[in-house]
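1. Coordinates for the following, if possible.
(one chain, ligands or ions: 1)
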Amino acid sequence: MEDAYIIKGGKRLGGEVELSGAKNIALKTIIAALLFDGPVILENIPRIRDVEELLNLIKSIGGRAEFINVNKLKIEGGCFDKNRLDFVFASKIRVSFLFFAPFILKFNSAEIPNPGGCRLGLRPIDRIVDAMKSLSIQVNYETTSGYYYAKKNSKIDGLVKFNKPTHTGTELIIMLAVVGEGQVIIENAAMEPEIDDLINFLNLAGARIERRGNLIQIYSVKSLKQKTSFKIVSDRNEAATYISLALATKGNIVISNIEKHYIQALIKSVKSIGGLAEEKKNKKWKFSYPPFGELNAVNIETSPYPGFMTDWQPPWAILLTQARGESIIHERIFENRFSYVEELKKLGAQIEFITIKVNDPKKYYHFNYEEGKEYQQAIKIIGQQQLHGGVLTIADLRAGATLAIAALVAEGESVVNNVSILERGYENFIEKIQKLGGNIKKI
Ligand code: EPU
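-> The predicted structure follows:
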């Protein structure tokens, strides 16, 4: 199987690129569509591997989902006849645990294997299991089979209070509570805007979900029925990738379909380092390297919305290898989100892990921080490095796009291996890069 790119870098990239639909909204709405009565039409679904794997998973439980044109997907709501996910299909996609919701709605029980997906630290689902238990759903994990067994004994009703927020966990609770007979309140819900898209999708079909800051209230309804097709908005993480690409290759790229409020923190950061971000008409933005200047170093820490997002820091790191001075990136959301660092060093990047003391690490970090355990949560990047070609291996999705950008910045030829990981989340990556003038092909 072809699973590598050959990239010849060192060119300024320019032109226009159109963003695809957001992976992290598409995946959730597709699963939520199983809660509906009747057909559901979703538009602007990106043709990426994660979506492909999800559709295979839906078919493996007897569900029906098919593309009716390039990015328009039709899903038959409520149409599946198993309450158990196959281990092999489910292990390919992390959001598989969201199937708890349609299974419990239809069968009052669910059997779900431990989730797969990107390896960003341990990524446990303890908060999610605790939340389900607080709604009186019985959940047991069997280590021998690697399955969670869930059973609903009474109506889903009550309060979920997350100690620390969880993005997909918040979405699961919404999906579990949306159809039924109870009322559920989520306290300390995650603030990510993708959740609001899911809420909007459900409310348009008759749901009653209200958000006031980090409190979400769900008044269960009898059923959901789609009235008109739902369009997935553009991907803010894909935007971050092409913004970094424009600036790191000292080029200028017009990005269309930008949802401004999703990436405000990023636009602010681009301006703060001296990059140009100009808003044009019709959701288009032009991002350029300053014609008579250079980019400046900056220190950033990742945060939940509306802060600088964790998914943006890997491509942003490439940008900082080209900026003047020393920059620091401090990752708060995931452990192990620096898999790209050793790879970038192969291209001549000067990056080192550093320790930053924080007052209350248990509170500051969003993963389950353990006293006494060694973490690598911050890096220092020495700027204005001339990168050269090399052989790179991708370990997770955002690191994948980052390594491809790095190879496009580097002088000479690079091979990037394991690109199927990148293609889990980026639609038409090669075609888009080629259109911007990048020299990239798959081997
Ligand atoms: N966490 C736990 N226990 C839980 C749930 C979460 O320890 O029960 C930890 C996680 O390991 C992480 C932190 O809490 O360290 C935050 O996790 P969260 O649940 O908020 O993130 P997620 O739902 O797993 C989603 C996106 C990520 C994105 C983050 C942050 C999807 C499918 N994934 O992850 O996207 O980075 O929110 O917004 O929506 C990606 O697209 O490549 C990606 C990783």
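2. What lies in contact with the worst-scoring helix or strand of the chain on mean pLDDT?
-> Across the helices and strands of the chain, mean pLDDT, DSSP states H and E gives its lowest value to helix 87-90, namely a mean of 89. Contact with helix 87-90 is made by 53, 56, 57, 60, 96, 99, 112, 113, 115, 116, 146, 147, as judged by C-beta atoms under 8 Å, 6 or more residues apart in numbering. The C-beta positions use only the backbone N, C-alpha and C, and glycine is treated the same way.
3. Pick out the lowest-pLDDT one from those.
-> Lowest pLDDT among these: residue 116, with 60.
4. Just say helix, strand or coil for residue 92.
-> Here residue 92 takes the coil state, with states given by DSSP: H, G, I helix; E, B strand; the rest coil.
5. What subset of the contacts of helix 87-90 is buried?
-> For the contacts of helix 87-90, a neighbour count by 16 or more other C-beta atoms under 10 Å gives the buried set as 53, 57, 60, 96, 99, 112, 113, 115, 116, 147.
6. show me what contacts the fourth one?
-> Meaning residue 96. Residue 96 sits next to 57, 85, 89, 90, 112, 113, 115, 116 when contact means C-beta under 8 Å, 6+ apart.
7. For it, which non-adjacent residue is closest in space?
-> Setting aside the residues directly before and after it, residue 96 is nearest to residue 90 in space (C-beta to C-beta, 6 or more residues apart in numbering), at 4.0 Å.
8. just the strands in the stretch 1-150 of the chain please.
-> 4-9, 14-18, 38-43, 65-69, 72-77, 109-113, 137-142, 147-152 (DSSP state E, counting those that start in this stretch).
9. Need the ones you listed in JSON lines (columns: distance to the ligand).
-> Formatted as JSON lines, the strands of the stretch 1-150 of the chain follow (distance: least, C-beta to the nearest ligand atom, whole Å):
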{"stretch": "strand 4-9", "distance to the ligand": "19"}
{"stretch": "strand 14-18", "distance to the ligand": "19"}
{"stretch": "strand 38-43", "distance to the ligand": "16"}
{"stretch": "strand 65-69", "distance to the ligand": "18"}
{"stretch": "strand 72-77", "distance to the ligand": "17"}
{"stretch": "strand 109-113", "distance to the ligand": "14"}
{"stretch": "strand 137-142", "distance to the ligand": "12"}
{"stretch": "strand 147-152", "distance to the ligand": "12"}
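10. Now these in JSON lines, please, with extra columns for distance to residue 329.
-> What follows is the strands of the stretch 1-150 of the chain, written out as JSON lines (distance: least, C-beta to C-beta, whole Å):
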{"stretch": "strand 4-9", "distance to residue 329": "22"}
{"stretch": "strand 14-18", "distance to residue 329": "25"}
{"stretch": "strand 38-43", "distance to residue 329": "35"}
{"stretch": "strand 65-69", "distance to residue 329": "38"}
{"stretch": "strand 72-77", "distance to residue 329": "36"}
{"stretch": "strand 109-113", "distance to residue 329": "33"}
{"stretch": "strand 137-142", "distance to residue 329": "34"}
{"stretch": "strand 147-152", "distance to residue 329": "34"}
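11. Next, the closest residue to residue 364 other than its chain neighbours: phi, psi?
-> Spatial nearest neighbour of residue 364, excluding adjacent residues (C-beta to C-beta, 6+ apart): residue 358 at 4.5 Å. Backbone torsions of residue 358, given as degrees, to the nearest 10, read phi -120, psi 150.
12. Let me know the pLDDT of residue 358.
-> Value for residue 358, per-residue pLDDT: 96.
13. Could you report the distance from it to the ligand?
-> For residue 358, the distance to the ligand (C-beta to the nearest ligand atom, to the nearest Å) stands at 15 Å.
14. quick revisit: tell me the one among the contacts of helix 87-90 nearest to residue 392.
-> residue 116 (23.0 Å; C-beta to C-beta).
15. Would you mind listing what in this protein touches the ligand?
-> Residues of the chain found near the ligand (C-beta under 6 Å from any ligand atom) are 23-24, 94-95, 118, 121, 123-128, 166-169, 190, 192, 237, 310-311, 333-334, 366-368, 397-398, 425.
16. Can you name the residues in contact with stretch 301-315?
-> Contacts of stretch 301-315 (C-beta under 8 Å, 6+ apart): 165, 190-193, 236-237, 240-241, 243-245, 264-266, 269, 300, 329-334, 337, 340, 366, 398-399, 401-402, 405.
17. hang on, the earlier thing: what about the contacts of helix 87-90, which are in helices?
-> Among those, the ones falling in helices (DSSP state H) are 53, 56, 57, 60.
18. any low-confidence regions in this structure?
-> The model of the chain has pLDDT under 70 over residues 1, 116-123.
19. of all the strands of the stretch 1-150 of the chain, which lies closest to residue 213?
-> With C-beta to C-beta, the closest approach to residue 213 among the strands of the stretch 1-150 of the chain belongs to strand 137-142: 25.8 Å.
20. on contacts alone, who are the packing partners of that closest one?
-> helix 126-134, strand 147-152 (3 or more C-beta pairs under 8 Å, 6 or more residues apart in numbering; DSSP states H and E).
21. Out of the ones you listed, which is closest to residue 254?
-> Smallest distance to residue 254 across those (C-beta to C-beta): 39.7 Å, for helix 126-134.
22. thinking again about what came up before, for residue 292, which of the strands of the stretch 1-150 of the chain is the nearest?
-> Closest among these, using C-beta to C-beta: strand 14-18, at 17.4 Å.
23. Which strands or helices does that closest one pack on?
-> Strand 14-18 packs on strand 252-256, helix 429-435, going by 3+ C-beta pairs under 8 Å, 6+ apart.
24. Contacts for the helix or strand just after the first one, please.
-> Sequence-wise, the next helix or strand downstream of strand 252-256 (DSSP states H and E) is helix 264-272. Applying C-beta under 8 Å, 6+ apart, the contact partners of helix 264-272 are 236, 239-240, 243, 247, 260, 276-277, 285, 287, 298, 300, 306-309, 312, 316.
25. Among these, which ones are in helices?
-> Per DSSP H, the subset of these in helices is 236, 239, 240, 243, 247, 316.
26. Help me confirm that residue 184 is found in a strand?
-> Yes. Counting by three-state DSSP, residue 184 is located in a strand.
27. if I look at the closest residue to it other than its chain neighbours, how far off is the ligand?
-> Nearest residue to residue 184 in three dimensions, chain neighbours excluded: residue 177, at 3.8 Å (C-beta to C-beta, 6+ apart). Counting by C-beta to the nearest ligand atom, the gap from residue 177 to the ligand is 17 Å.
28. can you pull the contacts of residue 177?
-> By C-beta under 8 Å, 6+ apart, the residues touching residue 177 are 135, 156, 183, 184, 218, 220.
29. Over to residue 319?
-> Here residue 319 is in contact with 244, 247, 248, 273, 295 (C-beta under 8 Å, 6+ apart).
30. What is the nearest of these to the ligand?
-> Taking C-beta to the nearest ligand atom as the measure, the ligand lies nearest residue 244 of the contacts of residue 319, at 15.1 Å.
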